[in-house]
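Student: got a predicted structure here, sequence first:
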Amino acid sequence: MSKKSMVIAGCSIIGVLVLLILIVWLLSAFKKNYLTYEKVEEKMVAAAEKYYKTYPELLPVDEGKYTLQYSALVEGQFIKPLNELLKDGDSCTAEVNVYKNNIGYDYIPKLDCGIVYKTYELYQKIINDHPVTTTGSGLYQSEDGSYYFRGKVTDNYVKLGSTGSGKKKKDILWRILSIDSHGNIQIKSTVSFTDRVVYDSRYNINMSKTTGYNDFEGSMLKDFLIKMNNEELLLTNEEKQKLITQELCTGKRKTTDIINDGSIECNTKSAPMYFGTITPYEYIRASLDTNCAKVSDRSCGNFNYLHNTDSISEWTITGAEDNTYQVYSFNGEIFELSRANISKRVFPTAYISSRNLFKSGSGTKDDPYILIVEKTSSTTKKK
């Protein structure tokens, strides 16, 4: 091959390569920039907020779940069609659930793209991660459709709230105790209040002493739990929007009782409240040891994720049925009776609403479940 032919061939090859590069560049320049599923969920929330600012008369009046269809957002030009935002948008469905709360409205996106991606409520994620079992450690199911953890469970942590600030800021971890038949998640804080609380300090006429009464309804503990709701003692007002009120089981228990299904403690209930405390049957139920029957049995600490030798004494709501002045306290290993007028720590329990969405985490202490921070708007209707 002549030198001239080689030059021509080389230029041809270079020309073809340049043409290919140009074609690839043009294709990438005009290629659609699809979004992630999480980003689309964010856009859905922003679109819903704009929708209701435009049509405030359509905001829900009563508490409860309301659904805003994705098609309504597209028709109002508040958001683009799913197939323009997601590569597989044609196979996806979406909606925004709207909840009225006491400070405004929560906008919760729901995106379903089949097996590829789906927005899960936290309770669904927990159940998916923990197939129901009838033996050993894990998640058990009751006849009423509720669930509860038993045994040496290590992956039932959820993060909600924080303490301190700056470099001293720490996340608050809670242990998941149970899930009711509606999907509401009962949790117990691993963090107590710095200040100790007296259960009750009234003069007890039956004892002729200031021993206090073990009746929760008139107690100082109840006043403190109500104060928790009204003030930002542990959770901020925004964080408390993730919770729901529940009736508390306030029935009294004998030390000899061996019924541990909740029927003793729950034969009396309080008005709905945001915060409570653990009850004896919940600790007994969590143990796999067959020798755990009574509240005073030390075997209850065996194979029990709530057993904690490093814990400090904390109040429960449960009073003794044998007298009017003693209340069950829990030191991490055993329940014991204490005079109501003694001060102890409070490790509150609460219920995360079933509407809260899962964001990330595997439920371990180092990788706890994390909730999606849904948009809370104080949008109000125009007069």
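Tutor: Sure thing, it's come through. Model, not experiment: these values are computed from the prediction. Numbers count the residues shown, from 1 in each chain.

Student: any weak-confidence spans in the protein?
Tutor: The chain contains residues with pLDDT under 70 at 1-32, 102-103, 373-383.

Student: swap in 50 and give it another go.
Tutor: Across the chain, residues meeting the criterion (pLDDT under 50) sit at 27-31, 379-383.

Student: list the buried residues of the longest strand along it.
Tutor: Longest strand of the chain, by residue count under DSSP state E: strand 170-179. Neighbour-count burial for strand 170-179, with 16 or more other CB atoms under 10 Å as criterion, is recorded at 172-179. Every residue, glycine included, has its C-beta placed from N, CA and C.

Student: distance to Asp257 added to those residues, as a markdown table?
Tutor: A markdown table is the format used below for those (distance: CB to CB, whole Å):
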| residue | distance to Asp257 |
| --- | --- |
| Ile172 | 33 |
| Leu173 | 31 |
| Trp174 | 28 |
| Arg175 | 24 |
| Ile176 | 26 |
| Leu177 | 20 |
| Ser178 | 20 |
| Ile179 | 25 |
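
Student: what's the closest of these to Ala47?
Tutor: Ile179 (31.2 Å; CB to CB).

Student: the helices in this protein, which residues?
Tutor: For the chain, helices defined by DSSP state H occupy the ranges 3-30, 37-54, 70-75, 82-85, 122-129, 220-230, 237-240, 280-286.

Student: what residues of the third one count as buried?
Tutor: This points to helix 70-75. 70, 72-74.

Student: so what's Asn229 closest to, chain neighbours aside?
Tutor: The shortest distance from Asn229 to any non-neighbouring residue, by CB to CB, 6 or more residues apart in numbering, is to Tyr274 (4.5 Å).

Student: which ones are touching the one you found?
Tutor: Shown in contact with Tyr274 (CB atoms under 8 Å, 6 or more residues apart in numbering): 225, 228-229, 240, 243-245, 350.

Student: tally of neighbours for Pro81?
Tutor: Using other CB atoms under 10 Å, Pro81 has 13 neighbouring residues.

Student: surely it is in contact with Gly89?
Tutor: Yes. Counting by CB atoms under 8 Å, Gly89 is a contact partner of Pro81 at 6.9 Å.

Student: now do the contacts for Asp257.
Tutor: With CB under 8 Å, 6+ apart, Asp257 has these contacts: 264, 294-295.

Student: most neighbours, which of these?
Tutor: Busiest of the contacts of Asp257 [other CB under 10 Å] is Val295, holding 27 neighbours.

Student: does that residue touch Ile259 like I think?
Tutor: No. Using CB under 8 Å, Val295 is not in contact with Ile259, being 10.9 Å away.

Student: before we move on, back to that, now the contacts of Tyr274 as a markdown table including neighbour count and distance to Leu122?
Tutor: Formatted as a markdown table, the contacts of Tyr274 follow (neighbours: other CB atoms under 10 Å; distance: CB to CB, whole Å):
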| residue | neighbour count | distance to Leu122 |
| --- | --- | --- |
| Leu225 | 24 | 24 |
| Met228 | 21 | 22 |
| Asn229 | 16 | 21 |
| Lys240 | 21 | 16 |
| Leu243 | 20 | 12 |
| Ile244 | 17 | 13 |
| Thr245 | 14 | 18 |
| Ala350 | 26 | 14 |
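
Student: adding distance to Gly161 as columns, could you present those in a markdown table?
Tutor: Listed next are the contacts of Tyr274 as a markdown table, based on distance: CB to CB, whole Å:
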| residue | distance to Gly161 |
| --- | --- |
| Leu225 | 16 |
| Met228 | 12 |
| Asn229 | 14 |
| Lys240 | 9 |
| Leu243 | 11 |
| Ile244 | 16 |
| Thr245 | 18 |
| Ala350 | 10 |
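
Student: closest to Pro368 out of these?
Tutor: Comparing those against Pro368 with CB to CB places Ala350 closest, at 15.4 Å.

Student: and that closest one, what is it in contact with?
Tutor: Contacts of Ala350 by CB under 8 Å, 6+ apart are 174, 186-187, 189, 243, 274-276.

Student: count of neighbours near Gly136?
Tutor: 10.

Student: what's the closest of the buried residues of strand 170-179 to Val327?
Tutor: Nearest member of these to Val327, counting by CB to CB, is Leu177, at 20.1 Å.

Student: before we move on, the earlier item: okay if I get the contacts of Ala350 as CSV plus distance to Tyr37?
Tutor: Output for the contacts of Ala350, formatted as CSV (distance: CB to CB, whole Å):
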residue, distance to Tyr37
Trp174, 27
Gln186, 30
Ile187, 27
Ser189, 32
Leu243, 27
Tyr274, 32
Phe275, 34
Gly276, 36
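
Student: give the bridge partners for Cys173, please.
Tutor: Rather than Cys, residue 173 is Leu. Per DSSP bridges, the residues bridged to Leu173 are Lys159.

Student: my guess is it contacts Ile370, does it?
Tutor: No. Counting by CB under 8 Å, Leu173 sits too far from Ile370 to count as a contact (10.9 Å).

Student: show me the common contact partners of those two, please.
Tutor: Both Leu173 and Ile370 are contacted by 158-159, under the criterion CB under 8 Å, 6+ apart.

Student: Asn229: what's it in contact with?
Tutor: 240, 273-275.

Student: let's see 10 Å
Tutor: Listed by CB atoms under 10 Å, 6 or more residues apart in numbering, the contact set of Asn229 reads 235, 237, 240, 243, 245, 273-275, 350.

Student: follow-up on the earlier one: closest to Leu306 out of the buried residues of strand 170-179?
Tutor: Nearest to Leu306 out of the buried residues of strand 170-179 is Arg175 (CB to CB; 7.0 Å).
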